[in-house]
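K.L.:
Got a sequence here, can you build the structure:
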Amino acid sequence: MPIRIDFRKDGGILAEVTGKLRAKDLIGLNDSLYDNPEHIRAIRCQICDLTGVTEVDVPSEEMARLAQQDTQAADANPNMLIALVGNRDLTFGLARMWEAHAAGPELETVVFRRRDEAERWICGKLEDAAQTPGPPASQPMDARSRPGSSRCAEETVQRRGPARFRE
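P.N.:
Now for the predicted structure:
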């Protein structure tokens, strides 16, 4: 299963999954994203796009394990947002299973059928966070990526396949 990862200047991550979806690949992706607390705190949001998936080999117990990785990361970064996108019934249902396991006050997640919906949700949440008084979010939002700008969710630092998070 190829996974293309875009690390964005505003701390966003886009993971596009194509081909056969396997649990070990998703767990490996999370292992690389969450390899240390400093990297976790730098993540503002994630979109995992499953619209290119053609086959699924992910047992339900592995979905619980994936959700546990994400909720543990949220302990280090409670401001992190995660959106999953599944346009087919199977991938949408799998993403909803993950969401049910990840549900809790420590992690804000939503599952969508289209990526543009996920991007709008992320942009809206980041805008709300930028306008809410109180302690600052884990990273300041780059003015170029504010909602209302055509650049929201488009600024990319690097495009790469499965790799360690390094800047």
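
K.L.:
Name the SS class of residue 52, please.
P.N.:
strand (DSSP: H, G, I helix; E, B strand; the rest coil).

K.L.:
so how many other residues sit close to it?
P.N.:
16 (other C-beta atoms under 10 Å). Heads up, the C-betas are built off the backbone N, CA and C, glycines and all.

K.L.:
where does the chain have low pLDDT?
P.N.:
Applying pLDDT under 70 to the chain picks out residues 1, 133-167.

K.L.:
show me where it has helices.
P.N.:
23-33, 37-41, 60-76, 89-102, 115-131 (DSSP state H).

K.L.:
Tell me which residues are up against the third one.
P.N.:
Pointing back at helix 60-76 there. Helix 60-76 is contacted by residues 23, 26-27, 30-31, 33-34, 37, 40-41, 43, 80, 82, 94, 97-99, 101-102, 104, 106-107, 109 when judged by C-beta atoms under 8 Å, 6 or more residues apart in numbering.

K.L.:
From residue 59, how far off is the residue positioned nearest the centre of the chain?
P.N.:
A centroid search over the chain (C-alpha atoms, centre = their mean) returns residue 46, at 2.1 Å, as the residue closest to the centre. Going from residue 46 to residue 59 by C-beta to C-beta, to the nearest Å gives 22 Å.
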